[in-house]
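Chemist: no sequence on hand, only this structure:
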RNA sequence: GGGUGGUUAGCUCAGUGGUUUAGAGCGUUUGCCUUACAAGCAAAAUGUCACUAGUUCGAAUCUAGUACCACCCA
């Protein structure tokens, strides 16, 4: 059993991590198979987008998931954690467009085939990087079940669901006004818009009546859209405009010279501008509402790339912002412009491309949402959301305001919509062959020109593959009710950022509720969002984060994981380097604890002794803490759980238990227990810092041949072992007393502690006085009948102790301190006295509290008196 | 415009079913190379618990309003 300590270097070498991880994989610890005898535990890794590599925000959620996975695995569950990546259609495509642009490559020179090849290569590259990063950080996923939303199986599932929904009449195509991203040349959903406040000019423009005798003044921030004007709208409450309404006047659009009607509607805000607006239904959602209500004309003025189209005469092909400036100049010249006014308004930006969103009329595919609402509301009640009660109301509000889902995007990268056109006929089919057959059958056609079968060129919204993921990851769509699906589904806990609550979480619930009448997950934990120094969300599109590889190579994965655990995850938080350093120190502490234990096992000096006080205390204390820990983790209080372990190791195990152990390590029983306790602490640490704990465990196993060879498959200390809280309290009393004694500045070392006889029995009950001998500078405890002013008094738990003053060094600082203390106590006493004087307090407060208050008064009065006495003799 | 969360030490944050002087980590100051750890140990200092009102015997904690910050939705 000889152990060479010199073998262990100063710090844990985290470059071994790779070996350790490969070993886990080789041993298939993370692979999960159908097993009737074991309880299933299904987890899903929220698939990161392949837009780039991972950042600390991803690692946050995944680390919490890994803690759960590893703990439940140790608890004997059959944990199946399915990893994956998301193709993120629009985000990826924009990323590539920008990448090509930066390289100076003109996108227009690239044909579709080439572009698709670039897309494919990109996805291969980043899939590799992301998976590598996930492995480096130590996530215990079942890699044999890995998903990619564009993989064959996933693709098949997506198309199958589309067709199912289409057949049920829940998918339809319609011209509606949409958000148009002029950079990516696609629609985007409302959720993908960011609103930013910005100062804008509000222009006041004259619109003359047909006879040119009168005019109305309209206010607009977008004068360039006058080409699309089809009416002017007035709020009915404004009496100024009565004349125009009564006489049913018509107006002439300046420059364009088109004649348009005046309509009246409450939709115009009373406070906005002149209370009179121009209506451009093709390019404003508000105006579109008016258009529908009043059955106006509609004119589209925009091309897909954000330039003006043929409806804008001499401005055809020109950029919007350019036209705005020009138009204002022309209006000003011709006397139509009355004034400009700066106002604060919001502009809509695309979350993906950061360009201004235009509203545009467009033909798109939609999913009818109303049939999903009932089953969703029914099922959502059975899901537990954490942190508790924080987001519940939000769900209901969103469900009640939900609109049909625009599921088509005009992109290359994504699931192609399985719709085919033949002349004027529409057919939904998996591929062209099937489309051909179906058309023949449906329309009774014998011969069809294959060339005339055209595929819909839209792809599906990226979330359309995400909302089916809990089911499709288990192949539950292509093979409904397969063995795995029935065994694992639903997910036990989903952990994700609160920012995708609507995009993803709610939609998964909708899907599972409607198709399966089941919840997709039993529990959901929403984490806060990681922010940078400027409180901005860390995100791939902003690029405000450090490369993960840099962090891993500099600090090691355990440090990264511990850093994430050192922050409360319920709210948003700021991540900085200090946290990393702090965590590194903690990992080092674990390492050194291991070293001291191994070292002390080298010493041979066998004397049989039984239990000592320290063992008695720590055993109780440990089980008390583990009980608490399990409680925290069962309620997903990760932050608290980690703080508990950290304090347990640092404050209790290292500074108290081990310090004592080092001085008394000639006892075999003590050694055995110490190792046992350390192994328990290692086990509860393992989900948080898997690499270092696995390594240490292995090293210990080399010498001591443990039951389980590897910590990953060892058992979690869950059994509710009983502990005696009295023993713990007694020990804590002792510690606090020792601290007090240590603070006294004695002239020489060995001193005698005096005590009155009546307290002696109490001591035995409250304090382990044997420990006092060992830890403080006390030679002996003696009973003294008469106490004079020659003694210094100490208080601990209502027991008085004395030291001879002449054996103590006093200085001025000490005096000041005591004076300060007296002041604080006096203040406190006043508070209590006022309470006791108060008649209402005596009448209304509970009797217990009144008693306590009176006791407190007496105690504090005594303390003040004694402090004063002490002061006199210093 | 609507909603949600937040405001506690220089910084990052905990905190309680209301009643024994408001906590941690970092930072600061002081003392220590003590054979596991200076990436450590021991100690000290630091707060009108955003503001205003209400409920109450008693409010940092409950209620309302205000201000500021952040996020979400239109």
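Modeler: Great, that's in hand. Please read these numbers as outputs of a predicted model, since none were measured by experiment.

Chemist: tell me what the residue most central in space within chain A is bridged to.
Modeler: Centroid-nearest residue in chain A: residue A:527, 2.8 Å away (criterion: CA atoms, centre = their mean). Going by DSSP bridges, residue A:527 is paired in beta bridges with residue A:497.

Chemist: who are the neighbours in contact with it?
Modeler: By CB atoms under 8 Å, 6 or more residues apart in numbering, the contact list for residue A:527 reads A:60-61, A:64, A:495-498, A:569-570. C-beta coordinates here come from the backbone N, C-alpha and C atoms, glycine included.

Chemist: near RNA strand B too, which of the residues you listed?
Modeler: When contact is defined as CB under 7 Å from any atom of the strand, these meet RNA strand B at A:498, A:570.

Chemist: how about the contacts of residue A:527 in JSON lines, adding neighbour count and distance to residue A:598?
Modeler: What follows is the contacts of residue A:527, written out as JSON lines (neighbours: other CB atoms under 10 Å; distance: CB to CB, whole Å):
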{"residue": "A:60", "neighbour count": "26", "distance to residue A:598": "34"}
{"residue": "A:61", "neighbour count": "22", "distance to residue A:598": "36"}
{"residue": "A:64", "neighbour count": "23", "distance to residue A:598": "32"}
{"residue": "A:495", "neighbour count": "27", "distance to residue A:598": "36"}
{"residue": "A:496", "neighbour count": "19", "distance to residue A:598": "41"}
{"residue": "A:497", "neighbour count": "20", "distance to residue A:598": "42"}
{"residue": "A:498", "neighbour count": "19", "distance to residue A:598": "45"}
{"residue": "A:569", "neighbour count": "23", "distance to residue A:598": "35"}
{"residue": "A:570", "neighbour count": "19", "distance to residue A:598": "39"}
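
Chemist: and the contacts of residue A:527 as JSON lines, adding pLDDT?
Modeler: Shown next, in JSON lines, are those (pLDDT from 0 to 100):
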{"residue": "A:60", "pLDDT": "87"}
{"residue": "A:61", "pLDDT": "88"}
{"residue": "A:64", "pLDDT": "92"}
{"residue": "A:495", "pLDDT": "90"}
{"residue": "A:496", "pLDDT": "87"}
{"residue": "A:497", "pLDDT": "82"}
{"residue": "A:498", "pLDDT": "78"}
{"residue": "A:569", "pLDDT": "81"}
{"residue": "A:570", "pLDDT": "77"}
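
Chemist: ok, so of the contacts of residue A:527, who is nearest RNA strand B?
Modeler: residue A:570 (5.8 Å; CB to the nearest atom of the strand).

Chemist: report the contact partners of that closest one.
Modeler: Taking CB under 8 Å, 6+ apart, we find residue A:570 in contact with A:387, A:390, A:527-528, A:639.

Chemist: rebuild these as CSV, extending it with distance to RNA strand B.
Modeler: Output for the contacts of residue A:570, formatted as CSV (distance: CB to the nearest atom of the strand, whole Å):
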residue, distance to RNA strand B
A:387, 9
A:390, 6
A:527, 12
A:528, 8
A:639, 7
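
Chemist: which of these sit farthest apart?
Modeler: The largest separation in those, counting by CB to CB, is between A:390 and A:639 at 14.9 Å.

Chemist: of these two, who's got more company?
Modeler: residue A:639 (18 against 13; other CB atoms under 10 Å).

Chemist: for the nearest residue to the more buried one once chain neighbours are set aside, helix, strand, or coil?
Modeler: Using CB to CB, 6 or more residues apart in numbering and skipping residues adjacent in sequence, the residue nearest residue A:639 is residue A:568, 4.5 Å away. Here residue A:568 is coil, with the state taken from DSSP: H, G, I helix; E, B strand; the rest coil.

Chemist: who's sitting farthest from the centroid in chain A?
Modeler: residue A:786 (64.9 Å).

Chemist: list the buried residues for stretch A:568-588?
Modeler: If you call a residue buried by 16 or more other CB atoms under 10 Å, then stretch A:568-588 has these buried ones: A:569-570, A:572-573, A:575, A:579-580, A:583-584, A:586-587.

Chemist: circling back: okay if I get the contacts of residue A:570 as TSV plus pLDDT?
Modeler: TSV is the format used below for the contacts of residue A:570 (pLDDT from 0 to 100):
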residue	pLDDT
A:387	78
A:390	67
A:527	85
A:528	81
A:639	86
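
Chemist: give me the distance between residue A:589 and residue A:11.
Modeler: 11 Å (CB to CB, to the nearest Å).

Chemist: and the two? Which one has more around it.
Modeler: Set residue A:589 next to residue A:11 and count neighbours by other CB under 10 Å: residue A:589 wins out with 15 against 12.

Chemist: residue A:626 contacts residue A:684, doesn't it?
Modeler: Yes - here residue A:626 reaches residue A:684: they are 6.8 Å apart, a contact under CB atoms under 8 Å.

Chemist: quickly list what's touching both of those two.
Modeler: Common contacts of residue A:626 and residue A:684, defined by CB under 8 Å, 6+ apart, comprise residue A:717.

Chemist: what residues does the stretch 1-150 of chain A have near RNA strand B?
Modeler: A:10-11.

Chemist: pLDDT below threshold where in the stretch 1-150 of chain A?
Modeler: Scanning the stretch 1-150 of chain A for pLDDT under 70 picks out the ranges A:1-5.

Chemist: mind listing the strands for it?
Modeler: Taking DSSP state E, counting those that start in this stretch as the criterion, the stretch 1-150 of chain A contains strands spanning A:40-44, A:78-82, A:84-85, A:147-148.

Chemist: name the helices or strands packed onto the first one?
Modeler: What it means is strand A:40-44. Counting contacts by 3 or more CB pairs under 8 Å, 6 or more residues apart in numbering; DSSP states H and E, strand A:40-44 packs against helix A:56-74, strand A:78-82, helix A:483-488, strand A:491-497.

Chemist: distance from the first one to the middle of the chain?
Modeler: Shown here is helix A:56-74, whose average C-alpha point lies 12 Å from the average C-alpha point of the whole chain (CA atoms, centre = their mean, to the nearest Å).

Chemist: try the third one
Modeler: Counting by CA atoms, centre = their mean, helix A:483-488 is centred 28 Å from the centre of its parent chain.

Chemist: secondary structure class for the residue of the stretch 751-874 of chain A found nearest RNA strand B?
Modeler: For the stretch 751-874 of chain A and RNA strand B, the shortest gap (CB to the nearest atom of the strand) falls at residue A:840, measuring 3.3 Å. On the three-state scheme (three-state DSSP), residue A:840 is labelled helix.

Chemist: give me the neighbour count for it.
Modeler: Residue A:840 has 7 nearby residues by other CB under 10 Å.

Chemist: and what of the one 3 residues further on?
Modeler: Using other CB under 10 Å, the number of residues around residue A:843 comes to 8.

Chemist: where's it, which helix or strand?
Modeler: Here residue A:843 sits within helix A:839-844, counting by DSSP states H and E.

Chemist: who's in contact with that helix?
Modeler: Contacts of helix A:839-844 (CB under 8 Å, 6+ apart): A:835-836, A:850.

Chemist: what do you get if the cut-off is 10 Å, keeping everything else the same?
Modeler: Outside helix A:839-844, the residues that touch it by CB atoms under 10 Å, 6 or more residues apart in numbering are A:834-836, A:838, A:849-850, A:853.
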